[in-house]
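Enquirer: Sequence plus predicted model, see below.
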Amino acid sequence: MLHRLARRDHAALGEFYDLHAGLAHGLAMRILRDASEAEDVVQEVFMQVWRQADRYDPGRGSPAAWVCTMARTRALDRLRRRVSRREEPSEAAPPPSDSPAPDTALAVRAALGLLSDEQRKAVELAYFEGLTQSEIARRLGEPLGTVKTRIRTGMIRLREALQ
Amino acid sequence: MTPVDRFRELAPLAALDALDGQDLIDFREHLPGCSECQAELGTFGEVAGRLGSSVGAVPPPPAVRDRVLASVGAPAGIVRTARPAQHWWPAALAAAAAVALALGLLVTRTRLERMRDRAEALEREVEQAQRDVAKLEEALQEARAVGNILARPESRLTLLAGLEPAPQARGRVVWNAATREAVLLASGLEKAPAGKAYEIWVIGPSNQPVPAGLFQPRPDGSAVVTLPQVEDTARPRTFAVTLEPSAGSASPTGPMVLAGAVS
């Protein structure tokens, strides 16, 4: 499908969208908690797919992981712009997923369940809110060294669980 | 802590883009020359990539799909077709195919079982037919032997009478002195007791009974037995039948059932 995409096959883009748009949208909603902005992220991601399909390297991860990375980067960019405009993120919870999570999602959720609450919180602040180690330490009121250790041990535990 | 250990410990944070300050500057400087840290960053990068999928898919509204495809200049036909909302049917088709396959397997299995039962029944019929043919061949051989000996003009007939243990028994021996062939035809015989058999004797000029075959009567009490060619059949004086152990005896030990003197 990615070969057809690289050859500018419109139908292939439609198929690729149908496979991965839910993933990009779910992730953008989780990060931004704003329906309109999440939809904009989805549109940007798949326009980027269209432009860069010929540069996709299967050796560096699955198409789903590629879509995730693009969606996260764009959603975090918007989040930072919003913070710089001193807007507070909506406290509303993200809408529940109305499609069953695929097995991979369940596996990652199960792996996250193996982390301590402190480790999971630190990893999620880094991944979903795009905070750096110092920002996380300030947010949580913990020493920087403690936060770094939590993230590192959390990631090691996740890697073991997902291997 | 060696410098390399310090950088290895930064790799999981780098994979989440969580490094900042001096850590970020140092790690960026160190990474290009260290294959170990590159490998660490690669595996932790995969873990970070999978965190995104933990959220689960949330399908965006159909209008977003239309906007994406329109923005890349897709023809209207593609824009309109194959919306996610219409994608219930592949699952329905797959479910229907699974049901059809399961039914097909069930039907096939039932059919195979029926065919196996039929094959086993045919096998039993063939075995029975083979046993019947063997019996008929045996009977035919017997009839031929009797027919041959009866057809010879020099063959002679000796009648055997039932003795005290079996007064109702009757026997005839057709014998040919030239060929030493002989056939016993008997009737009215009881079934031999367990472990016993009837034994035929030919008594010649020496007066010593010579054993000439063991037999069990048919259920109707009759028997047709072709005797082995013994020397005494050249000049027989008496034919007799006794009840003996089923392995046979060298000389008579049991009660005599049939006897007849050659006239």
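Expert: Ah, there it is.

Enquirer: Which segments of the chain make up each domain?
Expert: In the absence of a named chain, this looks at chain A. Annotated domains of chain A cover A:1-88, A:102-163 [automatic domain parsing].

Enquirer: my bad, chain B
Expert: B:3-52, B:91-151, B:156-261.

Enquirer: So for B:Arg28, which of the domains of chain A sits nearest?
Expert: Minimum separation from B:Arg28 across those (Cβ to Cβ) falls at domain A:102-163, 13.8 Å. Glycine gets a C-beta too; all of them are placed from N, C-alpha and C.

Enquirer: which helices and strands does the helix or strand encompassing B:Ala39 pack with?
Expert: Element membership for B:Ala39, per DSSP states H and E: helix B:35-51. Contact partners of helix B:35-51 among helices and strands, from 3 or more Cβ pairs under 8 Å, 6 or more residues apart in numbering or on different chains; DSSP states H and E: helix A:63-84, helix A:103-112, helix A:117-129, helix A:144-162, helix B:3-15.

Enquirer: which stretch among those comes nearest B:Lys135?
Expert: helix A:103-112 (69.0 Å).

Enquirer: follow-up on the earlier one: show me what counts as buried in the helix holding B:Ala39.
Expert: Residues of helix B:35-51 classed as buried: B:Cys37, B:Glu40, B:Leu41, B:Phe44, B:Gly45, B:Glu46, B:Val47, B:Ala48, B:Gly49, B:Arg50, B:Leu51 (neighbour count, 16 or more other Cβ atoms under 10 Å in any protein chain shown).

Enquirer: roughly how far out does it sit from the chain middle?
Expert: Remark: helix B:35-51 is offset 58 Å from the chain centroid, using Cα atoms, centre = their mean, to the nearest Å.

Enquirer: Okay, now the unreliable bits of chain A?
Expert: Residue ranges of chain A with pLDDT under 70: A:60, A:85-104.

Enquirer: Excluding chain neighbours, what is closest to the residue nearest the centre of it?
Expert: Closest residue to the average C-alpha location of chain A: A:Arg72 at 4.0 Å, with Cα atoms, centre = their mean. Leaving aside its chain neighbours, A:Arg72 sits nearest to B:Gly52 (5.7 Å; criterion: Cβ to Cβ, 6 or more residues apart in numbering or on different chains).

Enquirer: what about that neighbour, how many neighbours?
Expert: Using other Cβ atoms under 10 Å in any protein chain shown, B:Gly52 has 27 neighbouring residues.

Enquirer: which one among the buried residues of helix B:35-51 gets closest to chain A?
Expert: Using Cβ to the nearest Cβ, B:Gly49 is the member of the buried residues of helix B:35-51 that sits closest to chain A, with 3.8 Å.

Enquirer: how close does the closest one get to A:Cys68?
Expert: From B:Gly49 across to A:Cys68, the span is 6 Å (Cβ to Cβ, to the nearest Å).

Enquirer: What of B:Ser206?
Expert: Going from B:Ser206 to A:Cys68 by Cβ to Cβ gives 114 Å.

Enquirer: quick one: which of these two has more around it?
Expert: Neighbour count, other Cβ under 10 Å: between B:Ser206 and A:Cys68, A:Cys68 has more, with 26 against 11.

Enquirer: who's in contact with the more buried one?
Expert: With contacts defined as Cβ atoms under 8 Å, 6 or more residues apart in numbering or on different chains, the neighbours of A:Cys68 are A:Leu23, A:Ala24, A:Leu27, B:Gly49, B:Arg50, B:Gly52, B:Ser53.

Enquirer: now swap in B:Ser206 and tell me
Expert: By Cβ under 8 Å, 6+ apart, the residues touching B:Ser206 are B:Asp232.

Enquirer: Tell me which helix or strand it sits in.
Expert: Of the helices and strands defined by DSSP H and E, none includes B:Ser206.

Enquirer: Repeat that for B:Leu243.
Expert: Going by DSSP H and E, B:Leu243 is in strand B:238-245.

Enquirer: and the angle for the next helix or strand after that strand with strand B:238-245?
Expert: As assigned by DSSP H and E, the chain's next helix or strand after strand B:238-245 is strand B:256-261. Per axes from the mean of the first three to the mean of the last three Cα atoms, to 10 degrees, the angle that strand B:256-261 makes with strand B:238-245 is 170 degrees.

Enquirer: What are the contacting residues of strand B:256-261?
Expert: B:158-163, B:165-166, B:169-171, B:173, B:186, B:189, B:198, B:237-243.
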